[in-house]
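Asker: I need the structure of the sequence given here:
(2 chains)
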Amino acid sequence: MALELYMDLLSAPCRAVYIFSKKHDISFNFQFVDLLKGHHHSKEYIDINPLRKLPSLKDGKFVLTESVSILSYLCRKYSAPLHWYPPDLHTRARVEEFMAWQHTAFQLPMKRIVWLKLMIPKITGEEVSAEKIDHAVAEVKNSLKLFEEYFLQDKMFITGDQISLADLVAVVEIMQPMAANYNAFLNSSKLAEWRKRVELSIGSGLFMEAHSRLMQLADWDFSTLDPVVKENISELLKKSK
Amino acid sequence: MGLELYLDLLSQPCRAIYIFAKKNGIPFELRTVDLIKGQHLSDAFSQVNPLKKVPALKDGDFTLSESVAILLYLTHKYKVPDHWYPQDLQARARVDEYLAWQHTTLRRSCLRALWHKVMFPVFLGEPVSPQTLAATLAELDVNVQLLEDKFLQNKAFLAGPHISLADLVAITELMHPVGAGCQVFKGRPKLAAWRNRMEAAVGEDLFQEAHEIILKAKDFPPADPTTKQKLMPRVLAMIQ
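Answerer: The predicted model follows:
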């Protein structure tokens, strides 16, 4: 039975899992769960992951959620080269430190930019206040500053001379606001150069392929958005007001 | 200098590390960083952790932040019993899964419950609207239910038949709203039974010791205006 990966490449954690799997020639079935069509709310998908989130992995009867956990699982099961998740006590700790930090410090603010600048206006027809957007941008800038000063510093990659899971997870998250035409790499040449190195390590073709759906999101016809998804989003927006 | 752990037992992740280190007989110097006095914002502490958060670890020249990373570091360095972080591929993945999930869900809900119910009104003298509190407690309810339905299910512990890092992180998180007077175990016999198993597995004395401070959170004296001003921006950012 082949490995099943349930993903939509609009999601940063899905891109990390996709890139890692392709890069290591891991054989898998790409189970496309279309977020824009609300497929994550389908009965079929809820059976796989009742939390209705992506990505999910299914290996025979074993189902696993959470991209950080999936990446570690794939690393171990398929014996990826050690630099991805180094065995050295200190180096490994640096990877784990970033992977823990990024949930709140990266993922949330990066997603928020896409919601405020693209998704909400497209779905509701109303622009979000400049104040809210400025606040979100300031948060992203602060996180990127911490990323550069604490995690990357003057190294080639987060752990030193070689790419690891931490760089992969970081780059796909920082790419997320591109969907809303916000290029976070313009903030610093250090960040831009690191991104180039990560892209080359992964392979530019694979990197571009993984990000193509995200980059086309702004051109998507939002009038075809699944009504359940639209309803859920409107509910969320009402709650957050 | 040996291992130093910079902790304040007011903090959920600090409690998990404290219990783990004590339970496994890991020798360490406890460096208390008093959060309500704003000691985490001092220049001295930023030498240990420039991110200005607890917990932090210092092992010789090596410093480390993020409780999950610290727990894993201690696990690998001190070769603790396997059940804490199993070698088995799938069992380990289950622990990793919980440790990843909790950051933006249960952890966040527990933090907001404590701050909205107790810390803002009592310690900071800032009223919290009934709607805000109700929304926070509703979200907490959802996440506690997910803990029971998706992670615990009918198992003895979150990742299987034995206690692991996942359970330690979860129980210390739940004690936050308990400290705020929320009855998270009421009407949840499975979770209550798990809590009892946890306390027995960790050791009652150690469990009580680690939770002494949080259980007195309602009795904290109000912050003086200077401290309040110092703490407010980061508190607001933290509970977002």
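
Asker: care to break the chain down by domain?
Answerer: Since no chain was named, I'll use chain A. Domain segmentation of chain A under the TED database yields A:3-81, A:84-219.

Asker: oops, chain B please
Answerer: Split by the TED database, chain B gives B:3-80, B:84-239.

Asker: now mean neighbour count, mean pLDDT and distance to A:S56 too, for those domains, in a markdown table please.
Answerer: Bear in mind the C-beta positions are built from the backbone N, C-alpha and C, glycine included. Below are the domains of chain B laid out as a markdown table (neighbours: other Cβ atoms under 10 Å in any protein chain shown; pLDDT from 0 to 100; distance: least, Cβ to Cβ, whole Å):
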| stretch | mean neighbour count | mean pLDDT | distance to A:S56 |
| --- | --- | --- | --- |
| domain B:3-80 | 19 | 97 | 21 |
| domain B:84-239 | 18 | 96 | 11 |
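
Asker: redo those as CSV? Include distance to A:L214.
Answerer: Output for those, formatted as CSV (distance: least, Cβ to Cβ, whole Å):
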stretch, distance to A:L214
domain B:3-80, 27
domain B:84-239, 21
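
Asker: A:F62: which of the ones you listed is closest?
Answerer: Ranking those by proximity to A:F62 (Cβ to Cβ) places domain B:84-239 first, at 5.5 Å.

Asker: how long is that closest one end to end?
Answerer: Length of domain B:84-239, first residue to last, Cα to Cα, to the nearest Å: 29 Å.

Asker: what does stretch B:148-155 give?
Answerer: Taking Cα to Cα as the measure, stretch B:148-155 stretches 10 Å from start to finish.

Asker: cool, stretch B:34-52 as well?
Answerer: End-to-end span of stretch B:34-52 (Cα to Cα): 12 Å.

Asker: what residues does that stretch touch?
Answerer: The set of residues external to stretch B:34-52 that reach it, using Cβ atoms under 8 Å, 6 or more residues apart in numbering or on different chains, is A:101, A:146, A:149-150, B:6, B:8, B:10-11, B:33, B:53-54, B:56, B:58, B:63, B:65, B:123, B:220, B:223, B:227, B:230-231, B:234.

Asker: check whether the lengthiest helix in chain A contacts chain B.
Answerer: Longest among the helix segments of chain A by residue count, using DSSP state H, is helix A:130-146. Yes: counting by Cβ under 8 Å from any Cβ of the partner chain, chain B is contacted by helix A:130-146 at A:L146.

Asker: give me the contact list for that helix.
Answerer: The contact list for helix A:130-146 (Cβ under 8 Å, 6+ apart) reads A:105-106, A:109-110, A:112-113, A:116-117, A:174, A:177, A:182, A:184, A:187-188, A:191, B:51.

Asker: among the residues you listed, which pair sits farthest apart?
Answerer: A:K117 and B:L51 (27.4 Å).

Asker: now do the helix or strand of chain A with the lowest mean pLDDT: which elements does it pack against?
Answerer: Within chain A, no helix or strand scores below helix A:227-240, which has a mean of 76 by mean pLDDT, DSSP states H and E. Helices and strands touching helix A:227-240, by 3 or more Cβ pairs under 8 Å, 6 or more residues apart in numbering or on different chains; DSSP states H and E, are helix A:120-124.

Asker: pull out the buried positions in the helix it packs on.
Answerer: For helix A:120-124, the neighbour count (16 or more other Cβ atoms under 10 Å in any protein chain shown) marks A:I120, A:K122, A:I123 as buried.

Asker: including pLDDT and distance to chain B, could the residues you listed go into CSV?
Answerer: What follows is the buried residues of helix A:120-124, written out as CSV (pLDDT from 0 to 100; distance: Cβ to the nearest Cβ, whole Å):
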residue, pLDDT, distance to chain B
A:I120, 90, 18
A:K122, 90, 24
A:I123, 87, 22
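
Asker: with distance to A:V33 added, can I get those residues in a markdown table?
Answerer: Listed next are those as a markdown table, based on distance: Cβ to Cβ, whole Å:
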| residue | distance to A:V33 |
| --- | --- |
| A:I120 | 22 |
| A:K122 | 21 |
| A:I123 | 19 |
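
Asker: which one is residue 80 nearest to, not counting chain neighbours?
Answerer: Since no chain was named, I'll use chain A. Excluding its sequence neighbours, the residue lying closest to A:A80 (Cβ to Cβ, 6 or more residues apart in numbering or on different chains) is A:H24, at 5.5 Å.

Asker: could you do chain B instead?
Answerer: Using Cβ to Cβ, 6+ apart and skipping the chain neighbours, the partner closest in space to B:V80 is B:N24 (4.7 Å).

Asker: doesn't B:L71 make contact with that neighbour?
Answerer: No: in this structure B:N24 lies outside contact range of B:L71 using Cβ atoms under 8 Å: 10.7 Å.

Asker: list the buried residues of stretch A:175-184.
Answerer: Buried, per 16+ other Cβ under 10 Å, within stretch A:175-184: A:M175, A:Q176, A:P177, A:M178, A:A179, A:A180, A:Y182, A:A184.

Asker: spell out which residues of chain B are next to chain A.
Answerer: Within reach of chain A by Cβ under 8 Å from any Cβ, chain B has these residues: B:50-51, B:62, B:64-69, B:72-73, B:76-77, B:89-90, B:92-94, B:96-97, B:99-101, B:103-104, B:108, B:135, B:146, B:149-150, B:240.

Asker: restricted to strands, list these.
Answerer: Among these, the members falling in strands (DSSP state E) are B:F62, B:L64, B:S65.

Asker: which one of those residues is nearest A:R15?
Answerer: B:S65 (26.1 Å).
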